[in-house]
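>>> Here you go, sequence then predicted model.
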Amino acid sequence: MTAEDVISADHDFILQTYQRPDFVLERGEGSYLFDTEGRRYLDFVAGIAVNALGYGDPDVARTIAEHANGLIHTSNLFHTRPATDLAAGLVERSFADRVFFGNSGAEAIEGAIKFARKYAREHGHEDKTTVVAFSGSFHGRTMGAVAVTHREKYRQPFMPVMPGVRFAPFNDLAAAEAAITDDVCAVLVEPVQGEGG
């Protein structure tokens, strides 16, 4: 298939959630990506900040190959040594007592909202259900994540979204302080706003 064929098929078969440039990526090396025409691009996107290891790293490739011959994936219905080792390492290096593994940032946000509301309820604060988020935020495409995403264009098609969300201007400490009232159970902050610029 030519690049034009791939782009045409993409438009036919994939929901167009992003406006993409008119080239087709084919491979990567280190921090560079290459299209089907052989043009090289320095990758500043890194898979929307999830591919910080680059492309073609021999250690990553070897580790994936080793696990592909064993347990490449199991659900959380089963115990596995790699999941337990990773969880232990995260707990040892963080504030957490336990970890929650999710498949995406949106699932992490959904989990955070649920944990915050549950924690408040279990500690006698049934009235603490509000979540504060900030202007320019993007937290994902699930219903809870859309509700705490500031941009109207993401929320509007799915209205009514989850209630109990308050937005404050990003980087405005006085506004954040005013928004965080006694009914708040969680504050969601993106230290680096990808969607917000």
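Okay, I see it. Numbers count the residues shown, from 1 in each chain.

>>> can you list the domains in the protein?
3-70, 76-101, 105-187 (the TED database).

>>> need the ones you listed in a markdown table with distance to residue 195, mean neighbour count and mean pLDDT, can you?
Yep, even glycine has a C-beta here, placed from its N, CA and C like the rest. As requested, the domains of the chain are exported to a markdown table (distance: least, Cβ to Cβ, whole Å; neighbours: other Cβ atoms under 10 Å; pLDDT from 0 to 100):
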| stretch | distance to residue 195 | mean neighbour count | mean pLDDT |
| --- | --- | --- | --- |
| domain 3-70 | 9 | 11 | 91 |
| domain 76-101 | 24 | 10 | 93 |
| domain 105-187 | 3 | 16 | 96 |
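
>>> Which among these is found nearest to residue 196?
Ranking the domains of the chain by proximity to residue 196 (Cβ to Cβ) places domain 105-187 first, at 2.5 Å.

>>> before we move on, the earlier item: distance to residue 194 added to the domains of the chain, as CSV?
Shown next, in CSV, are the domains of the chain (distance: least, Cβ to Cβ, whole Å):
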stretch, distance to residue 194
domain 3-70, 6
domain 76-101, 22
domain 105-187, 7
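
>>> Could you name the helices and strands sitting against the helix of greatest length in the chain?
If you go by DSSP state H, the chain has its longest helix at helix 105-122. Packed against helix 105-122 by the contact rule (3 or more Cβ pairs under 8 Å, 6 or more residues apart in numbering; DSSP states H and E) you find helix 143-147, strand 184-187.

>>> Can you name the next helix or strand after that helix?
Toward the C-terminal end, the helix or strand that comes next after helix 105-122 (DSSP states H and E) is strand 130-134.

>>> what lines up beside that next one in the sheet?
strand 165-168 (parallel), strand 184-187 (parallel) (DSSP bridges).

>>> For residue 18, give its distance to residue 134.
22 Å (Cβ to Cβ, to the nearest Å).

>>> for residue 60, what are its contacts?
residue 53 (Cβ atoms under 8 Å, 6 or more residues apart in numbering).

>>> how far away is it from residue 101?
As judged by Cβ to Cβ, residue 60 and residue 101 stand 19 Å apart.

>>> cool, residue 2 as well?
From residue 2 across to residue 101, the span is 40 Å (Cβ to Cβ).

>>> Just the pLDDT at residue 197, thanks.
You'll see residue 197 listed with a pLDDT of 66.

>>> ok, back up a step: and the longest helix of the chain, how far from the chain's centre?
Distance, stretch centre to chain centre, for helix 105-122: 15 Å (Cα atoms, centre = their mean, to the nearest Å).

>>> before we move on, what about stretch 54-61?
Distance, centroid of stretch 54-61 to centroid of chain: 22 Å (Cα atoms, centre = their mean).
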